[in-house]
Structure formats: C-alpha cells, structure tokens
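Participant: One predicted model, sequence on top.
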Amino acid sequence: MDHLRRQRSVKIVATLGPASNSRDMIRKLYLAGADVFRLNMSHGTQDDIAWRHKQIRAVEAELNRPIGILADLQGPKLRCGVFADGPYTLEEGAPFRFDLEEVEGDQTRVCLPHPEIFEALEEGSTLLVNDGKIQLRVTDCSPNHANTEVVVGGEISNRKGVNVPDVVLPLAALSRKDRKDLEFVCELGVDWLALSFVQRAADVAEARELARGRAAILSKIEKPAAVDAYDEILAASDGIMVARGDLGVELPVQALPPIQKKLVRQARAVGKPVIVATQMLESMITAPVPTRAEVSDVATAIYEGADAVMLSAESAAGDYPIQAVRTMDNVARSVESDDIYTQVITASRTPHRESVADAISAAAREIAETANIKAIACFSHTGTTALLASRERPVVPILALTPFHETARRLALSWGLHCTVVEQPVGRFKEAVVSAARVARDHTFALENEMIVVMAGVPFNTPGSTNILRVAVCNEKAIYEGWGED
C-alpha cells in the first residue's frame, strides 16, 4: 500500500458517529482517505468518546501510520424554553417577547433562560431563532426581558436555538460541560481541541491554560465577533476552523465566500493549519453521490489552499460514509492535478523573509521547483520545521519526520505532510539526512540516486531553530553506511 501514501496534499477530516463507530469502519474510512478523525463532544457520552478514541488508536497501530484526533467541544448552547401548545407561527410585524419567567410560552412570549443575552442587547439588536429562519428586531429591553418585532416570520417550537449576531455576549467559550470534556479528552490523549463559540483571543488563552500543552488549540470561527477579532484569535491559536454553519446563520450568506477566503489566506500566511467545514457534501447523508454544487464547494476550498476539508454528518450519521470520504479524496486529487491549482497556490503565497527559518523553508521550495527534487524532508521534534515547509505549499511532497508520536499525529492535519515516526531522536544533522533518505526510499517518494531536500534545526529539539538545508541523493550504499562528517 506504499505505506498508505496519499496522492494529494490537502487533508480530510471525518467525523465519527453512529454510522462509523466500529474499528472496521474507522479502518475503512482511513483507507478511503481520512487523515484525521473528529470526535464531536455535542453527541454521545464520554464512554462513547473513549471507545472511538480506542478504536482509532488500534487502527493506527495496525496500519503503522500516525492518525490525528480532533475533539470538538460543544460550547454554550443558547436555546429558548418550551411552549404550552406549540409549535406556533410568528407572523411578520407581530410583537414577541423573550423573558426570564420559567413558565410555558405561547403565541406572544417565551422564556429565554440566558440573562447574559439581555445584558448585552440594545434597541435595534437582532435575534435569530431556529437556524436563522426567524428574525426579530429588539424594540426595547431590560436585564430580564426583550420586546421584539418579527422581521421574518416562521415556526417556533420547544428549545429552538437562538443566535445574537450583532453583539459580543458576556459568555465564556467554555461551559461547565466543556471544561469537564476538555480534561477528559486531554487525559485520553487527543491531538487537537476545537474550541466553539470563540469571540475573543482571551477565550483561546483560557482553553490553552486548561489544556496545559496536552493538545493543540484550534479555534472555530463561527461568530461575527470572531471575524472582527480574527487577527488576535489567529495569533493565540494553533489552528483555525472556518465553521460555516453558525457563521452562515449570523451573517448574510453572500458574505461567507469572501470571509472564507480571507480566513484561509491569513491562516496560510502564518503557517497555521486551517480547516473548511460544514455542509461540504451534505446531500451524501442520504445519497451515494453529491450535487455538482457541493463538489464545486469542496474544490473551491482546495483551490484556496486550505489545509483540510471536513465531513460532519456525512461520515458520522450518513448512509454513505465511505463514499463521502472517497468523493473528497477524488475531488482533491483532481483539483491538485490541475495546472490552474498550482498557479492559484503560487499567486496566493505570502512571502516571508523575517528569519533564517523563513529563508531556509523558502529556499527548500525554490530548489524543489528548479531541480529534479522528489521530496522535501523535514526532521522536526516539535513540528515547527514541518509547518514552515507546509506553509510554502511546494510542488513536491513533504516528509515530516519526528521521533515523537504526538508530533506526527498533530501534523497529520497540515497540508502536504506525510508524517512518519522515526525510531529514535537524532543528535546530528548527518543522522537526520540518513533517516530522511531511508524514509524517502522505503515510502516510495524517491528511487535509487534520486534527490531530496533535507531541512532541520540545529541544535535539535529547539522550536524555531530551522537553520540548515541539504540536497541529498538517495543512494542505498550511502544511506545504510551513512554519509561523511557533517
């Protein structure tokens, strides 16, 4: 199986759920193309999550390939109360009241058990109910109620979600449940934490403090406030998810494409992985083939240079999870074989000349583009060198070599990286070159006497120290006897 080498650079994230709960199905999804598995903390018990985690690690051991695991925290859920005889239809222009009275609602009012919403509302603020199908404008409010006018009517019923798009709510991104889940999954050993309801960089800092280095922090951009504070949130995060579900509810749908492009490009510029998510192949929940529009949507994210595209219900609860992953894989391979893809990626690359590490990673890409280089190999303890290589979006594969399983699993999310755990840490650059050449040959990236570029940071195990580059020939005698002195 050529060490399960992918024939594409973009990664695929597949959510696990009732349709993909067994070890056999997880194995099939990985073989079909899934690189990272998402555990959705909004569904299932901690026992369910632990079971899925165990099965992923069993598949990883069987196939001897690092697999990333992303735990997606639920975040605060804002919902209205229940109705006496609902559902009701709210008519345009009618008044409707939200308050804190814990009594059943009717045609004119309902409980909204979130005082923090009333604290933030102002006259003219917008409230959205039931995924934005109902739109209401606040006419007056107090700390315990909000009177509204129905702008867009529709059916309202028990515990429908409420969105407040145009104010920053005085809510932490981590609920009590999230804090318990965060500690649980960090102890399990997940690689990434996806943080929901991010509004400010302080939300990311709080999660990082609780994680204590046990998992990388990925911020979900799903609120207008997060778009406004994106620079600060990006700086505080290890990665980004463009979560178009809630973002599409709270913003005009026509605003999403340029926002998606901006978020992806800025994350690429700083070398942090970015996932595009939500409704990518939605119709494949019940159909064996996607719509043409969905295929175009996936392709757009790949043309933009996103590190990963994600399946949600398609792989978690759909009728065709394997076909959905294969479709993602096929679309990615088709796009990346297009000459226009290379042109777009090259044109959207942000030059970086701020450090020696930036110069080394740019030089590795330029050498690969001008010489007959088969791969760029990065030897990295922390992942920093590999991320620099990935940021450059080179035209050849990138081998990310590390002695640490945790680093390889985390890097499985990043564009273009073929992650491999080597047997032991190296102390000299010569050893890194020998190790890289062996992996390139063994994993069929280079044949006898073909060339690779090797980059690393010396001294090893020092983040950000990328400072050395070498063009090496994959010669069997040299590999197994070692090169001369550094």
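Facilitator: Sure thing, it's come through.
Participant: okay, CA-based contacts and neighbour counts for the rest of this
Facilitator: Will do.
Participant: low-confidence ranges in this protein?
Facilitator: The model of the chain has pLDDT under 70 over residues 1-3, 424-427, 461, 464, 478-486.
Participant: So Ala362 is in contact with Arg393, correct?
Facilitator: No. At 9.8 Å, Ala362 does not count as touching Arg393 under the criterion of Cα atoms under 8 Å.
Participant: mind checking which helix or strand the residue nearest to Glu282 when sequence neighbours are not counted is in?
Facilitator: Ranked by Cα to Cα, 6 or more residues apart in numbering and with sequence neighbours excluded, the top spatial neighbour of Glu282 is Glu314, at 6.3 Å. Using DSSP states H and E, Glu314 sits in helix 313-316.
Participant: Residues touching that helix, excluding its own?
Facilitator: For helix 313-316, contacts defined as Cα atoms under 8 Å, 6 or more residues apart in numbering pick out 14-20, 281-282, 284-285, 320-322, 324-325.
Participant: contacting residues for the residue nearest to Leu399 when sequence neighbours are not counted?
Facilitator: Using Cα to Cα, 6+ apart and skipping the chain neighbours, the partner closest in space to Leu399 is Ala377 (4.5 Å). Contact analysis of Ala377 by Cα under 8 Å, 6+ apart lists 398-401, 436, 452-455.
Participant: In strands, which of those residues appear?
Facilitator: Under the assignment DSSP state E, these contribute 398-401, 452-455 to strands.
Participant: Closest to Cys474 out of the residues you listed?
Facilitator: Proximity of the ones in strands among the contacts of Ala377 to Cys474 (Cα to Cα) peaks at Ile452, which lies at 7.3 Å.
Participant: Now for the closest one, how many residues are close by?
Facilitator: 30 (other Cα atoms under 10 Å).
Participant: sorry, back to before: burial count for the residue nearest to Glu282?
Facilitator: Neighbourhood size, Glu314 [other Cα under 10 Å]: 30.
Participant: And it, how far from Asn40?
Facilitator: 13 Å (Cα to Cα, to the nearest Å).
Participant: Going by neighbour count, which residues in stretch 206-218 are buried?
Facilitator: Neighbour-count burial for stretch 206-218 flags 207-208, 211, 214-218 (criterion: 16 or more other Cα atoms under 10 Å).
Participant: still on that earlier bit, from the chain's centroid, how far away is the helix holding Glu314?
Facilitator: 16 Å (Cα atoms, centre = their mean, to the nearest Å).
Participant: Contacts made by the next helix or strand after that helix with the rest, please.
Facilitator: As assigned by DSSP H and E, the chain's next helix or strand after helix 313-316 is helix 321-336. Outside helix 321-336, the residues that touch it by Cα under 8 Å, 6+ apart are 7-10, 12, 14, 19-20, 28-29, 32-34, 281, 284-285, 288-289, 295, 298-299, 302-303, 311, 314-315, 341-342.
Participant: Quick check: ChimeraX command selecting the buried ones in the residues you listed.
Facilitator: Restricted to buried positions by 16+ other Cα under 10 Å, the ChimeraX selection for the contacts of helix 321-336 reads:
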select :8,9,10,12,14,19,20,28,29,32,33,34,281,284,285,295,298,299,302,303,311,314,315,341,342
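Participant: quick one: which of the contacts of helix 321-336 sit in strands?
Facilitator: 12, 14, 311.
Participant: Nearest to Phe96 among these?
Facilitator: Leu311 (37.2 Å).
Participant: quick one: contacts for that closest one?
Facilitator: Counted by Cα under 8 Å, 6+ apart, Leu311 has contacts 12-15, 277-281, 324-325.
Participant: Is it possible to get TSV of these that adds distance to Gly154?
Facilitator: Shown next, in TSV, are the contacts of Leu311 (distance: Cα to Cα, whole Å):
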residue	distance to Gly154
Ile12	37
Val13	35
Ala14	33
Thr15	31
Ala277	27
Thr278	24
Gln279	23
Met280	26
Leu281	27
Ala324	33
Val325	35
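Participant: How many residues are close by the closest residue to Ile285 other than its chain neighbours?
Facilitator: The shortest distance from Ile285 to any residue other than its chain neighbours is 4.0 Å, reached at Gly318 (Cα to Cα, 6+ apart). Neighbour count of Gly318, defined by other Cα under 10 Å: 22.
Participant: Could you do Glu101 as well?
Facilitator: Applying other Cα under 10 Å, I find that Glu101 has 15 neighbouring residues.
Participant: ok, now how distant is it from Leu128?
Facilitator: 20 Å.
Participant: where does Lys54 land in three-state SS?
Facilitator: Classification of Lys54 using DSSP: H, G, I helix; E, B strand; the rest coil returns helix.
Participant: is it true that Val162 touches Ile134?
Facilitator: No. Contact between Val162 and Ile134 fails when scored by Cα under 8 Å: they sit 9.5 Å apart.
Participant: Could you name every residue contacting both of these two?
Facilitator: With Cα under 8 Å, 6+ apart, Val162 and Ile134 have common neighbours Leu128.
Participant: returning to that earlier point: which single one of the ones in strands among the contacts of Ala377 is nearest to Val152?
Facilitator: Closest to Val152, out of all of these and judged by Cα to Cα, is Ile398, at 50.8 Å.
Participant: what residues are up against that closest one?
Facilitator: Neighbours of Ile398 in contact, by Cα under 8 Å, 6+ apart: 375-378, 386, 389-390, 416-418.
Participant: Can you tell me which of these is nearest Asn467?
Facilitator: Cys378 (11.5 Å).
Participant: Which of the three states applies to Ala202?
Facilitator: Quick answer, by three-state DSSP: Ala202 is helix.
Participant: Can you report how many residues neighbour it?
Facilitator: Ala202 has 15 nearby residues by other Cα under 10 Å.
Participant: Okay, helices next: where are they in the stretch 301-450 of the chain?
Facilitator: Along the stretch 301-450 of the chain, the stretches classed as helices by DSSP state H, counting those that start in this stretch are 313-316, 321-336, 339-347, 356-370, 384-391, 405-411, 429-442.
Participant: In CSV: those, plus distance to Ser465.
Facilitator: What follows is the helices of the stretch 301-450 of the chain, written out as CSV (distance: least, Cα to Cα, whole Å):
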stretch, distance to Ser465
helix 313-316, 39
helix 321-336, 31
helix 339-347, 26
helix 356-370, 7
helix 384-391, 8
helix 405-411, 16
helix 429-442, 13
